[in-house]
Structures are given as C-alpha cells and as structure tokens.
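> curious how this folds, go ahead:
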Amino acid sequence: MFFVYIVKSEKDNRLYKGFTTDLKRRLKEHNSGKNKSTSPYKPWSLIYYEKVATREEARKREKYFKSGIGREYIKNKLNL
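Alright, predicted model coming up:
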C-alpha cells in the first residue's frame, strides 16, 4: 500500500506532493528538516492523501498532481 500525499507549508502556503508507504513517518521527516527541498518552509501540514496499491500507481498519481491539470484538480478539490 502506498500513499500519494500533499502537504502545505504553514510558512508560505506552498504545496509539496509526494508518495510514501508510511505517511506519518514522512510528515515527521518533512517537519524535522530531513528533506532539503522542504526544510526551509516548515512546518508542514497534511492537507490531502490517497491510497493506491502499487508504487507505479503512486508515481503516476504524483506526476499527475505536479502537472498543470493536476494542480487545477487540487485547487478545485481543496478549494485553494
């Protein structure tokens, strides 16, 4: 089981999209500064996630969220 997730920076409202097998651990890593790309913008809060069965599905969904149409979907779904 994989999770595709979106976290939002409480510092400047930017979004980060990713996937993991352990959502709780991954959020902790973002907030502890272990990820160089997210460290300057912590703290982060989880605003959306989906469960998918395989790593391949997770990667496809993450890529979708990072695309223009995916960003539009997120904006509409989450009223951002």
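> where do the strands sit along the protein?
2-9, 15-20, 44-52 (DSSP state E).
> what's in contact with stretch 3-18?
For stretch 3-18, the external contacting residues (Cβ atoms under 8 Å, 6 or more residues apart in numbering) are 19-21, 23, 26-27, 30, 37-38, 41-52, 58, 61-62, 65-66, 74, 78, 80. For the C-beta atoms, the positions are set from N, CA and C on the backbone; glycine is no exception.
> show me where this structure has helices.
Under the criterion DSSP state H, helices of the chain are mapped to 23-32, 55-66, 68-78.
> report the buried residues of the longest one.
So that's helix 55-66. By neighbour count on 16 or more other Cβ atoms under 10 Å, the buried set for helix 55-66 is 58, 61-62, 65.
> what pLDDT is listed against residue 25?
As predicted, residue 25 sits at a pLDDT of 97.
> do the same with the one 3 residues further on
Confidence per residue is given as pLDDT, and for residue 28 that number is 95.
> likewise residue 33?
88.
> ok, it to residue 39 distance?
4 Å (Cβ to Cβ, to the nearest Å).
> same question, residue 61
Separation of residue 61 from residue 39 (Cβ to Cβ): 24 Å.
> now residue 73
Distance from residue 73 to residue 39, by Cβ to Cβ: 27 Å.
> follow-up on the earlier one: so which of the helices of the chain comes closest to residue 2?
helix 55-66 (3.9 Å; Cβ to Cβ).
> what's next to that closest one, contact-wise?
By Cβ under 8 Å, 6+ apart, the list of residues contacting helix 55-66 reads 2-4, 6, 17-19, 50, 52, 70-71, 73-74.
> what subset of those is buried?
Applying 16+ other Cβ under 10 Å to the contacts of helix 55-66 flags 2-4, 6, 17-19, 52, 74 as buried.
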